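[1] everything below, folded, please.
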Amino acid sequence: MVEKKEKYQNRIELLQGTLDLLILQTLQWGPQHGYGISVAIRNRSGEILQVDTGSLYPALHRLEKQKWIKAEWKVSENKQRAKYYQLTAAGKKHLSRERSKWSRLSDAIAGVLNPEQM
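    Below is the predicted model:
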């Protein structure tokens, strides 16, 4: 039973880590409100990745708690109050480390999927 729980936990961490990476990368391009982050991820992924609010906002709160992003209330382009998120210096360092890990992981997966190119 413990093994199943660990596998599930690893899956959750991988998914959260991937979402965190996408959010941090999106904020690398500049401050953005939650809806803008989800639109940027969807647009930059060619409409493949869609982040729903049930995943996005817990991730934003988690990243803010880690001090990788900070937030402040501003008026949005459509004159509504919105919380804007911005990458911190610690967040930039974390993003750099995570991008490096992601690169190694994607290279490893590519090696398995395309062994003739190795």
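[2] what about Val51, which SS state?
    Assigned with DSSP: H, G, I helix; E, B strand; the rest coil, Val51 falls in the coil class.
[3] use 752 as the first number for this chain going forward.
    Understood, numbering begins at 752; the last thing we discussed is Val802.
[4] who's in contact with the nearest residue to it once chain neighbours are set aside?
    Once flanking residues are discounted, Val802 sits nearest to Ser789: 4.7 Å by CB to CB, 6 or more residues apart in numbering. Using the backbone N, CA and C atoms, a C-beta is placed for each residue, glycine as well. Counting by CB atoms under 8 Å, 6 or more residues apart in numbering, Ser789 touches 801-804, 807.
[5] how near is Ser789 to Ile820?
    To Ile820, Ser789 is 15 Å away according to CB to CB, to the nearest Å.
[6] where do the helices sit along the chain?
    Per DSSP state H, the chain carries helices over the ranges 753-779, 785-795, 804-816, 840-864.
[7] which one of those helices lies nearest to Gln831?
    Of all the helices of the chain, it is helix 785-795 that lies closest to Gln831, at 9.9 Å by CB to CB.
[8] what are the buried residues along the closest one?
    Across helix 785-795, burial judged by 16 or more other CB atoms under 10 Å covers 785, 787-789, 791-792.
[9] swap in stretch 812-820?
    In terms of neighbour count (16+ other CB under 10 Å), stretch 812-820 has its buried residues at 814-815, 819-820.
[10] give me the contact list for it.
    Outside stretch 812-820, the residues that touch it by CB under 8 Å, 6+ apart are 767, 771, 774-775, 778, 811, 821-822, 836-839, 841-842, 845-846.
[11] first-to-last residue distance for that stretch?
    Separation of the first and last residues of stretch 812-820 by CA to CA, to the nearest Å is 9 Å.
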